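**Student:** Sequence and predicted model, in that order:
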Amino acid sequence: MAPEFDLVVIGGGAAGEKGAAQAAYFGKRVALVEKAPHLGGAMVNTGTLPSKTLRETALYLSGFRQRGLHGVDMALGREASVHEFLHRLDEVVREERARLSDNLARHGVTVVHGEARFVDAHTVEVGDRRLRGAHFLIATGSRPHRPPGFAFEHPRIYDSDEVVRVNELPRSLVVVGGGVIGCEYACLFAALGAKVTVVESRGEVLGFLDGELRGWLVERMAALGIDFVLGAQVGGCETPGEQVCLTLSDGQRLQVDAALICAGRSGNTEGLQLEKAGLVAGKRGQLDVDARFRTRVSHIAAVGDVIGFPALASTAMEQARVAVVDFFDLKYKTRVAPLFPYGLFTIPEVSMVGETEEALRAAGVDYVKGVADLAHNARGLMTGEKGHLKLLFRRSDLKLLGVHLIGEGATELVHVGLMAMLAGAGAELFIEACFNYPTLSDAYKYATYAALQQREPR
């Protein structure tokens, strides 16, 4: 029996939408299955957009961006209500859901709501309907991992999906896990005036960051009033009354209004009946894929969080496009760029692309670095910015190897360095370039000058 669809996409989040639209753009018959009532997945409904929207709301309500500017004290003068905190989130989520629906409709994608289960390698069942496809794209995303020992049914113990719908703003909060999500939410609630403690079992938070960049961020987080307990594990969790009490392996007891558990994420593959398609998921529900994002069953690809690292909305979208182009040999987009930026929406933002100093030293690469202080940049002086741009160049030919930023707007500013690195450029590009004045981008030129001074023979 001929397939009804050229492509069946399972999951309507960041990757699913882009993969479906890409195939439909080239005239393929596409169906997209989404088990939730709304499209968007974690990107729109519980993760990326909600957390970043709440961050912007927290910065606005707290007056954080204006503190100290022109000598004006803009510290939070009243308590923010949950309604105020969530109002903008509801607007953004509603608009983005509508955009996704409109985009898929415009491309002629058939959207089916319900939970997909494989019947065989070419067929999924959704309720009482069967969809037969020549190719499948699994883009089911991930969910927060819930380690044992925490009473997640308690109204004051949250995972990272639940915390975007807090019942009330806590006065004190413990964040268990010092990764990206944990540190982002720690900053968000600290900006709103909560007393926040981050508990991380390893000896440092955000271990993948360049060490100097991490040091700058930890210093700024501490200035927000965030405490860190490193190298300690949670040995017990109790919920006396309306509070949460955590006992740590170092003997400390932390009694707070709420706890947020950030223990990584697990792929959403349960219920797919993968075995009927010839697939087996890993320990945390993740699927193995090759360089073209195909699974061991060649007509089934998987992309996004469900395949693990780097688990970013930005890379998930590109993976989906590449997988679909490969399926149909479209001669269009054949790879995901080998370099991609990391963006941490902490307060302040942090972003990086390329190598860290630690990685370069470990590889024996001789390099020079240049740092520009954004507080000494003309635009930075105007806005009260306190941050840094660090560039790493190979000493021999001054090729750009790494870009590291801290400061508001870092996740935007990093793209200047990203494009230079993708073009294989180096110091000469920034020396010759003419940047608008006054702008933060001009810091690239002065970080490069600083690196050139290091290169001069002593």
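**Tutor:** That came in fine, so what should we check first?

**Student:** Surely residue 103 is within a helix?
**Tutor:** Yes. Under DSSP: H, G, I helix; E, B strand; the rest coil, residue 103 falls within a helix.

**Student:** Just the pLDDT at it, thanks.
**Tutor:** Note for residue 103: predicted pLDDT of 97.

**Student:** so how far is residue 322 from it?
**Tutor:** 19 Å (CB to CB, to the nearest Å). To be clear about C-beta, it is placed using only N, CA and C from the backbone, and glycine gets the same treatment.

**Student:** Next, give phi and psi for the most centrally placed residue in the chain.
**Tutor:** For the chain, the residue sitting closest to the mean C-alpha position, by CA atoms, centre = their mean, is residue 312 at 5.0 Å. Backbone torsions of residue 312, given as degrees, to the nearest 10, read phi -120, psi 140.

**Student:** buried sites along the lowest-mean-pLDDT helix or strand in the chain?
**Tutor:** Ranked by mean pLDDT, DSSP states H and E, the weakest helix or strand in the chain is helix 48-62, scoring a mean of 85. Residues 48-55, 57-59, 61-62 are the ones in helix 48-62 that count as buried (16 or more other CB atoms under 10 Å).

**Student:** circling back to that earlier point, close enough to count as contact, the residue nearest to the centre of the chain and residue 344?
**Tutor:** No. The criterion here is CB atoms under 8 Å, and residue 312 misses it with residue 344 at 11.2 Å.

**Student:** ok, the buried residues of helix 48-62 vs residue 117, which is closest?
**Tutor:** Proximity of those to residue 117 (CB to CB) peaks at residue 48, which lies at 27.2 Å.

**Student:** And for the closest one, nearest residue in space, chain neighbours not counted?
**Tutor:** Among residues not flanking residue 48 along the chain, residue 313 sits closest, at 4.9 Å (CB to CB, 6 or more residues apart in numbering).

**Student:** For that neighbour, which residues are in contact?
**Tutor:** 14, 43, 47-48 (CB atoms under 8 Å, 6 or more residues apart in numbering).

**Student:** how would you label residue 413: helix, strand or coil?
**Tutor:** helix.

**Student:** swap in residue 15?
**Tutor:** Three-state assignment for residue 15 (three-state DSSP): helix.

**Student:** how about the strands of the stretch 351-458 of the chain, start to end?
**Tutor:** 367-373, 388-394, 400-406 (DSSP state E, counting those that start in this stretch).

**Student:** same thing with the stretch 101-250 of the chain?
**Tutor:** 110-113, 116-120, 123-126, 129-138, 142-144, 157-159, 172-176, 195-200, 227-230, 234-238, 244-248.

**Student:** Show me what the longest one is packed up against.
**Tutor:** Translated: strand 129-138. strand 5-10, helix 14-25, strand 30-34, strand 123-126, strand 300-302, helix 313-328 (3 or more CB pairs under 8 Å, 6 or more residues apart in numbering; DSSP states H and E).
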